[in-house]
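Q: generate coordinates for the sequence data below:
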Amino acid sequence: MRQGWLMTGLALLALAAPAMAAEVAGVKLQETVSVGGKDLVLNGAGVRTRMVFKVYVAALYLPAKAADLPATLAQSPRRVQMTLLRNVGADDLVQALVEGMNANNTPQDMAAVKPQTDQLVTVMKSIGEAREGDVVALDFVDGETRIGHNGKAIGAIGGAPFNDALMKIWLGDKPVQADLKKAMLGG
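A: Take a look at the predicted model:
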């Protein structure tokens with residue numbers, strides 16, 4: 001009888017804990033997250049490397065699974081979550097984001113989101129050095145990109161065109177890393 005109660009208690013405890021969907025490079029990722037009051041599912045995740053160094057784990061969360069950029073951009077809310085695997089200076093992080101946007105968007109598209117890109121630079125620099133284990137969340141909800149650092153809101157940038165340009169860093173025609181794109185799209 002006691003063993004039955006113990007098993008029931010353990011089962012209830014397991015249900016109460018957030019479900020972990022995957023572990024990538026030692027980072028445990030939740031199966032679902034809530035963004036803007038809506039549950040999103042883990043679409044895919046992978047490791048961003050630079051030369052031989054693992055920089056961060058990127059995870060894509062969506063309302064429904066998607067296998068390409070158009071299907072991803074058609075959904076809202078959505079989240080790209082970066083969990084740092086090493087310390088990264090603010091300037092390096094900002095430079096990588098802006099370079100990724102420039103590589104995947106036309107000059108005209110980048111000119112159209114220049115004020116928002118400048119705002120991104122300011123918000124990301126406010127983090128200072130991102131430390132190993134830090135989590136940066138880029139949530140697109142209600143027509144704006146909400147940026148969080150370790151669970152704390154640090155800024156919001158308006159406009160779907162800006163978020164679309166940002167998403168192309170990882171999922172565009174010239175992604176920051178081809179195997180990371182594939183992993184984020186569930187491949």
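Q: sheet partners, orientation included, of the strand or helix carrying residue 146?
A: Under the criterion of DSSP states H and E, residue 146 resides in strand 144-149. Strands adjacent to strand 144-149 in the sheet, as given by DSSP bridges, are strand 135-141 (antiparallel), strand 152-158 (antiparallel).
Q: excluding its backbone neighbours, what's nearest the residue positioned nearest the centre of the chain?
A: Closest residue to the average C-alpha location of the chain: residue 80 at 1.7 Å, with CA atoms, centre = their mean. Take residue 80 and drop its neighbours on the chain: the residue closest to it by CB to CB, 6 or more residues apart in numbering is residue 138, 4.6 Å away. In short, each C-beta sits where N, CA and C put it, glycine included.
Q: now do the residue nearest to the centre of the chain, the pLDDT please.
A: Per-residue confidence (pLDDT) for residue 80: 98.
Q: then the one 10 residues further on?
A: The confidence metric pLDDT takes the value 92 at residue 90.
Q: which residues touch it?
A: Residues in contact with residue 90 (CB atoms under 8 Å, 6 or more residues apart in numbering) are 124, 125, 127, 128, 129, 130.
Q: how close does the closest residue to it other than its chain neighbours sit to residue 89?
A: Nearest non-adjacent residue to residue 90, counting by CB to CB, 6+ apart: residue 125, 4.6 Å away. For residue 125, the distance to residue 89 under the criterion CB to CB, to the nearest Å works out to 10 Å.
Q: before we move on, what about residue 52?
A: Computed with CB to CB, the distance linking residue 52 and residue 89 is 19 Å.
Q: thinking again about what came up before, these two touch, right, the residue nearest to residue 90 and residue 97?
A: No: taking CB atoms under 8 Å as the contact criterion, residue 125 and residue 97 are not neighbours in contact, 11.0 Å apart.
Q: which of these two has more residues huddled nearby?
A: Neighbours were counted for residue 125 and for residue 97 using other CB atoms under 10 Å; residue 97 has more, 19 against 13.
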